[in-house]
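S.K.: Okay, sequence plus prediction incoming.
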Amino acid sequence: MRISQTLVRSGQAVAVAALPLALATGLPGVAAAAATGIDVTTSGGTVQVTTTACVTRSNGSMGNASLLSSGQANFAQGRQVTLSGTSGSQSAAWSSVTSGTYTVVVVCADGSTAGTQAVTVSPASTPTISATRTATATPSPSRGVMGGMGSTSQDYGTVTYAAGGVLVAAGVGATVWVLRRRSKPNHR
């Protein structure tokens, strides 16, 4: 049993050591998986892809790019955008992308796949807000607080104050009357 475990471990070590050599020599299957033909970058909730593989224009378009979230298996299921640019460089971008792992697929106008690449979008960091408050003295109003409705201020006359006084007196009188009535026992 020890011999077979040792062989498995040494086989894994040989495979890991041979990977850079396989990429450099271009072994079929290995090099195609490593070289995607697209470059994907993220910034906050924006994902951008660039490529130089789509040189043919068809119906005014260089091709399309699709952003696939987990659970989406094919190009048509993802968020698709049209590639823009020239025959030298093409790009596409998605905004308002939530955090998670996505796959970006670029298909040129001639139907060939320019590349596929996985990308992880990190949650947008919340900016740290530091505020320094300074107290400044403001002059106090010379006439006191002005009453009013909303943003209006008006100096009320004697009639307004008299009407207010009558309302306050009526309120106090009604309160006294209700409290006195409650304190008397009910005689039936």
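M.R.: Thanks, I have the structure now.

S.K.: So which residues of the chain form helices?
M.R.: Ranges of helices in the chain, per DSSP state H, are 2-25, 30-34, 158-183.

S.K.: Confidence-wise, which of these is weakest overall?
M.R.: Among these, helix 30-34 has the lowest mean pLDDT, at a mean of 34.

S.K.: For the protein, which helix or strand comes out least confident on mean pLDDT?
M.R.: helix 30-34 (a mean of 34; mean pLDDT, DSSP states H and E).

S.K.: low pLDDT regions in the chain?
M.R.: Scanning the chain for pLDDT under 70 picks out 1-36, 124-155, 187-188.

S.K.: Skip the chain neighbours and tell me the closest residue to residue 42.
M.R.: residue 121 (5.3 Å; C-beta to C-beta, 6 or more residues apart in numbering). Placement of C-beta: from N, CA and C, glycine included.

S.K.: who's in contact with that neighbour?
M.R.: Contacts for residue 121 (C-beta atoms under 8 Å, 6 or more residues apart in numbering) come out as 42, 45, 47, 97-102.

S.K.: ok, residue 48 to residue 78 distance?
M.R.: Distance, residue 48 to residue 78, using C-beta to C-beta, to the nearest Å: 15 Å.

S.K.: When these two are compared, which one has more neighbours?
M.R.: Taking neighbours as other C-beta atoms under 10 Å, residue 48 and residue 78 compare with residue 78 leading, 20 against 17.
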